[in-house]
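Undergrad: predicted structure and sequence below. I'll ask about it afterward.
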2 protein chains.
Amino acid sequence: MRVLILGGDGYLGWPTAMAFAAKGHEVTVVDNYLRRAIAMETDSEALIPTPNLQLRAEIFKAATGHEIDVVIGDCCDYDLLCDVVHSFQPETIIHYAEQPSAPYSMRDYRSARRTLDNNLSATFNVIWAVMEKAPSAHIIKLGTMGEYGTPNIDIEEGWIDIEHKGRKDRFLFPRQAGSLYHTTKVLDTDMLWFYVRTFGLQVTDLMQGPVYGLRTPEADVDPRLLPNFHYDDIFGTVVNRFLTQAVAGIPLTVYGKGGQTRGYLNLLDTLQCVELAMHNAPGAGQLRVLNQFTEQFSVNDLAATVQRVGNGMGLKVEIQTVDNPRKEAEEHYYNPAHSGLIELGLKPHYMTDPVVADMLETVLHHKDAIEPRRVLPRVRWKS
Amino acid sequence: MRVLILGGDGYLGWPTAMAFAAKGHEVTVVDNYLRRAIAMETDSEALIPTPNLQLRAEIFKAATGHEIDVVIGDCCDYDLLCDVVHSFQPETIIHYAEQPSAPYSMRDYRSARRTLDNNLSATFNVIWAVMEKAPSAHIIKLGTMGEYGTPNIDIEEGWIDIEHKGRKDRFLFPRQAGSLYHTTKVLDTDMLWFYVRTFGLQVTDLMQGPVYGLRTPEADVDPRLLPNFHYDDIFGTVVNRFLTQAVAGIPLTVYGKGGQTRGYLNLLDTLQCVELAMHNAPGAGQLRVLNQFTEQFSVNDLAATVQRVGNGMGLKVEIQTVDNPRKEAEEHYYNPAHSGLIELGLKPHYMTDPVVADMLETVLHHKDAIEPRRVLPRVRWKS
């Protein structure tokens, strides 16, 4: 299958490109290195340096024989995106090309504006490039569970049947996100759904929880092929922050009460989910929404896990509560459905102690490169 | 009160500016003439030429003694908007500064992109200029009833209480619009609601139906102060199209079955509603949503009214069904609530036969300027 991966330099994009190329698909990736640029501007570079995309594609080819075509360019440039879609004629487009940092989107006007412009414009261009150049292509859009926020009702997979005053209709599940970044994904979905129902595009929206993990079969071939690992407050997830703090001997920083609960998944399962979505296209005129995570943890759960596993490895892991830089519920109801991908065949990899220990080992290997100033929150939601 | 009107050159912006200045408020208007530019580009100029804003402000001052400050500039230019908000320190900001044409937004990539960029960027800049320069200002945002689409359940005023699997929460009412323009307003609302709940802004979102009417007490002072009247397929409403067709001796063109039902209101009531919203600010951290219309009609109802009144004036008005250029339900359930503005004190002006006759008289006065090629649909939703 011809697969176009937008945002191919990212934590998910690059492992996806390798995994799909290794399975014999024709893979083209597009990236403009926006994340790298923002990381440099905000003193938030990844822990482990990764070569540029062209170099990694070469390393990957030398090691495995599989090719990945690399286009360095901006998905906000419509002419460029149209050229790629027209010449490559992808059957599947995996759209990761968004500015993914919530704190960056809350930093100031400029960062918020850049997030809004980049994310909306890239998604809009993907929609139009498909309509104009490859109308039957299946767009797989990475959404986020964060679009739903933490409502007081069960979260369904994208849609909800509402009965109101004796009448019924079906709507997108209400979304109410906790950062401007997450809100841009809400807007993306509104926009995609408009063009899907009006012009018959086929779209899968994968509402993904935070992803952890550094291993994939292809990344394990050469350390230069590792996915990027961000532990900073801009791009780092809570899992990566805790792993890094455990290794660096800094107490794990729990924001507020630590009852913030989210659905998490292993990077290996992201790859499975995207592949399952690709092989089970929803059909023209369908916006299929799947909630993409395998198990849910509170921040306190994660801290306890990292502490237990770290102490078992001889680290001395402490936990500390800090003032929450975000505006979010610190204790809340959370019960999201996530059966769709299991029904398509997903076999979950859970966050077992050996999995956590393995991640800690990788971080330990790069302990000297940790810059502690990057770990604590530098952006606050409160005005 | 200090009132900043964004989009002050528009059909609603200019009459609002005059009405508020006449009541003794300090009024500044901002406009970049985007509508005039698009009208020229698409051969869709208004029926009655209107002088530019500076000239109209002069004419208005000479006739009434009231001042309107005019700033020609683009709300997408953040520095400009910040300067205006900072120096004028508005207590109320009325945000009309959006590209308001559904057909234009469905024309091609460039028009759609321009609509998305302008509307999102202007709204985003208004939010940030308020946060940074006048955080207690009340933003009155013109939304549209079109954001809701035509759901099979009763439409509430902005919010809905959902009971789902034994639990309850309150959400923005589901929105599912019929054009990209209307969808940009959905996105605006999502964005406003995010910043309202996160940073305590105060916003009123007026979900307005199509507005008709050419008379306001201030516009009646001098014909050069008339609101603009668009009868073209780009900016014209169905009411204006029917009035123009009746006068020009062209059959009234009903799109499809004509059961498309919407809530309408008189321009005089828009002025009342905006004023009522201004004098009853919702308070910090509130997004108040009010459905702004006074009575609902189907397209067939409107055609019958214009035919009846036109024939009574000696016109020979015929009605013709044409293929629907839009993708929309032509027969549907429609029961939107609209009690909020009545409770605030709105006294409706209904679409009586004399009101229709009066509009027909105005159009008759400019009959020779009608360009019939502008009336029929030049943009189709179908790909």
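TA: Yep, it's here.
Undergrad: quick one, longest helix in chain A?
TA: Looking across chain A with DSSP state H, the single longest helix is helix A:109-133.
Undergrad: so how far is it from its chain's centroid?
TA: 17 Å (Cα atoms, centre = their mean, to the nearest Å).
Undergrad: and that helix, what's buried?
TA: Across helix A:109-133, burial judged by 16 or more other Cβ atoms under 10 Å in any protein chain shown covers A:109, A:111-131, A:133. In short, each C-beta sits where N, CA and C put it, glycine included.
Undergrad: which elements pack onto it?
TA: helix A:78-88, strand A:92-95, helix A:102-105, strand A:138-144, helix A:180-199, helix B:109-133 (3 or more Cβ pairs under 8 Å, 6 or more residues apart in numbering or on different chains; DSSP states H and E).
Undergrad: ok, residue A:135 touching residue A:201?
TA: Yes: counting by Cβ atoms under 8 Å, residue A:201 is a contact partner of residue A:135 at 7.4 Å.
Undergrad: do a quick rundown of the strands in the stretch 201-350 of chain A.
TA: A:202-208, A:211-212, A:252-255, A:261-266, A:287-292, A:295-298, A:319-322 (DSSP state E, counting those that start in this stretch).
Undergrad: chain B: which of those is closest?
TA: Closest approach to chain B among the strands of the stretch 201-350 of chain A is made by strand A:287-292 (11.3 Å; Cβ to the nearest Cβ).
Undergrad: which neighbours does that closest one have in its sheet, and in what orientation?
TA: strand A:202-208 (parallel) (DSSP bridges).
Undergrad: for the partner strand, give the mean pLDDT please.
TA: In this model, strand A:202-208 has a mean pLDDT of 98.
Undergrad: CSV for the strands of the stretch 201-350 of chain A, including mean neighbour count?
TA: Listed next are those as CSV, based on neighbours: other Cβ atoms under 10 Å in any protein chain shown:
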stretch, mean neighbour count
strand A:202-208, 25
strand A:211-212, 20
strand A:252-255, 22
strand A:261-266, 22
strand A:287-292, 24
strand A:295-298, 18
strand A:319-322, 14
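Undergrad: redo these as JSON lines? Include distance to residue B:282.
TA: Listed next are the strands of the stretch 201-350 of chain A as JSON lines, based on distance: least, Cβ to Cβ, whole Å:
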{"stretch": "strand A:202-208", "distance to residue B:282": "31"}
{"stretch": "strand A:211-212", "distance to residue B:282": "39"}
{"stretch": "strand A:252-255", "distance to residue B:282": "30"}
{"stretch": "strand A:261-266", "distance to residue B:282": "32"}
{"stretch": "strand A:287-292", "distance to residue B:282": "32"}
{"stretch": "strand A:295-298", "distance to residue B:282": "34"}
{"stretch": "strand A:319-322", "distance to residue B:282": "34"}
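Undergrad: closest to residue A:351 out of the helices and strands packed on helix A:109-133?
TA: Smallest distance to residue A:351 across these (Cβ to Cβ): 18.7 Å, for strand A:138-144.
Undergrad: now residue A:177: how far from residue A:170?
TA: 22 Å (Cβ to Cβ, to the nearest Å).
Undergrad: residue A:57 and residue A:64 touch, don't they?
TA: No: counting by Cβ under 8 Å, residue A:64 is not a contact partner of residue A:57; they are 10.8 Å apart.
Undergrad: what's the neighbour count on residue A:274?
TA: If you count neighbours by other Cβ atoms under 10 Å in any protein chain shown, residue A:274 ends up with 26.
Undergrad: OK, contacts around it?
TA: Residues in contact with residue A:274 (Cβ atoms under 8 Å, 6 or more residues apart in numbering or on different chains) are A:16, A:94, A:140, A:206.
Undergrad: go again using 10 Å as the cut-off
TA: Neighbouring residues of residue A:274 by Cβ atoms under 10 Å, 6 or more residues apart in numbering or on different chains: A:3, A:5, A:12, A:15-16, A:19-20, A:92, A:94, A:96, A:140, A:142, A:204, A:206, A:208, A:292.
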